[in-house]
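Undergrad: Could you work out the structure for the sequence below:
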Amino acid sequence: MSTPETDSATAASTDERTSTETDAETTTTESVLDLAGVTFGYTATSVVEDVSLAIGPGEYVALVGPNGSGKSTLMKLMVGLLEPDAGTARLFGERADRFDDGERVGYVAQEASAAKEMPITVREVVKMGRFPHVGFGRLSSEDWAIVDDALATVGMSAFAGRRVTQLSGGQRQRAFIARALASEADLLVLDEPTVGVDAESVDAFYDLLGALNAEDITVLLIEHDLGAVVEHADRVVCLNREVYFDGPTEEFVESDALARAFGTEARFLAGADE
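TA: This next block holds a predicted model:
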């Protein structure tokens, strides 16, 4: 027999289930990266101002803008290397500057080619990708298998025993991407990865990124070659301190964001460097 008390209890139970299911759905579809009103400056002048955007799982996003536009700073805010002066930056649902699940993020910093002075082998570089899982302890046979698979994925197996000092720019970038893959990262973040890399290697590099993205790895990169961005990225965020455009690549090409952010015409889309 139904009573007001039982009806009330049933409604409360239903509401609780609905809330739990909604929370679970929200968790499942949460953004990989989420910025809300982010502002940051190294001095009193803001380098990044009131930036809000979200990047979901499996997206392929290019961050573009003129020199000095705050691209690298914004990327560092995204991965928690810097803390916003205002606003919030979240990484996989957590505050980015407090995020400590290093195995989920593969970060290839600008001028990673500077590592060419490191007197270690390619396999040792890739091995570092397993440290978030095992610390600095001994790697298991399974860990080494993951290292070797990462090397094979980027086409660097034949160079595993070669010192980084002996690699070309494109080969070094592949080694550092392999390190990110060895960490089994869900997000691959690259800051101008093709600087100093020959044209043939650049084409192979983008083929690799496309293949990784096809396997649901989220890709976020800063790229100075806007022609490559238009050809490969699915979404473009155009920045010059603030966001001038955020949307599908096709719409970016048709927009006036380039002229407004770069102060120039769309000749850059032909692939000319800044």
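
Undergrad: Wasn't Gly68 part of a strand?
TA: No - going by DSSP: H, G, I helix; E, B strand; the rest coil, the assignment for Gly68 is coil, not a strand.

Undergrad: That one: neighbour count?
TA: Gly68: 11 surrounding residues under other CB atoms under 10 Å. C-beta here means a position set from N, CA and C on the backbone, and glycine is covered the same way.

Undergrad: before we move on, what about the one 3 residues further on?
TA: Lys71 sits with 25 neighbouring residues when counted by other CB under 10 Å.

Undergrad: what sits against it?
TA: Residues near Lys71 by CB atoms under 8 Å, 6 or more residues apart in numbering: Leu63, Val64, Gly65, Asp191, Ile222, Leu239.

Undergrad: do the same with Val108
TA: Val108 makes contacts with Gln173, Phe176, Ile177, Ala180, Leu188, Val189, Leu190, Asp191, Pro193, as judged by CB under 8 Å, 6+ apart.

Undergrad: Mind checking which of those residues are in helices?
TA: Gln173, Phe176, Ile177, Ala180 (DSSP state H).

Undergrad: Which of the contacts of Val108 lies at the shortest distance from Thr121?
TA: Phe176 (13.5 Å; CB to CB).

Undergrad: now the closest one: how far from Pro193?
TA: As judged by CB to CB, to the nearest Å, Phe176 and Pro193 stand 8 Å apart.

Undergrad: Same question for Ala257.
TA: As it turns out, when the distance is counted by CB to CB, Ala257 lies 23 Å from Pro193.

Undergrad: I'd like the contacts of Val108 as JSON lines, with distance to Thr39, pLDDT and neighbour count appended.
TA: Conversion of the contacts of Val108 to JSON lines gives the following (distance: CB to CB, whole Å; pLDDT from 0 to 100; neighbours: other CB atoms under 10 Å):
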{"residue": "Gln173", "distance to Thr39": "32", "pLDDT": "80", "neighbour count": "25"}
{"residue": "Phe176", "distance to Thr39": "30", "pLDDT": "85", "neighbour count": "25"}
{"residue": "Ile177", "distance to Thr39": "31", "pLDDT": "82", "neighbour count": "27"}
{"residue": "Ala180", "distance to Thr39": "29", "pLDDT": "81", "neighbour count": "24"}
{"residue": "Leu188", "distance to Thr39": "26", "pLDDT": "91", "neighbour count": "23"}
{"residue": "Val189", "distance to Thr39": "21", "pLDDT": "91", "neighbour count": "23"}
{"residue": "Leu190", "distance to Thr39": "24", "pLDDT": "89", "neighbour count": "25"}
{"residue": "Asp191", "distance to Thr39": "20", "pLDDT": "87", "neighbour count": "21"}
{"residue": "Pro193", "distance to Thr39": "27", "pLDDT": "79", "neighbour count": "28"}
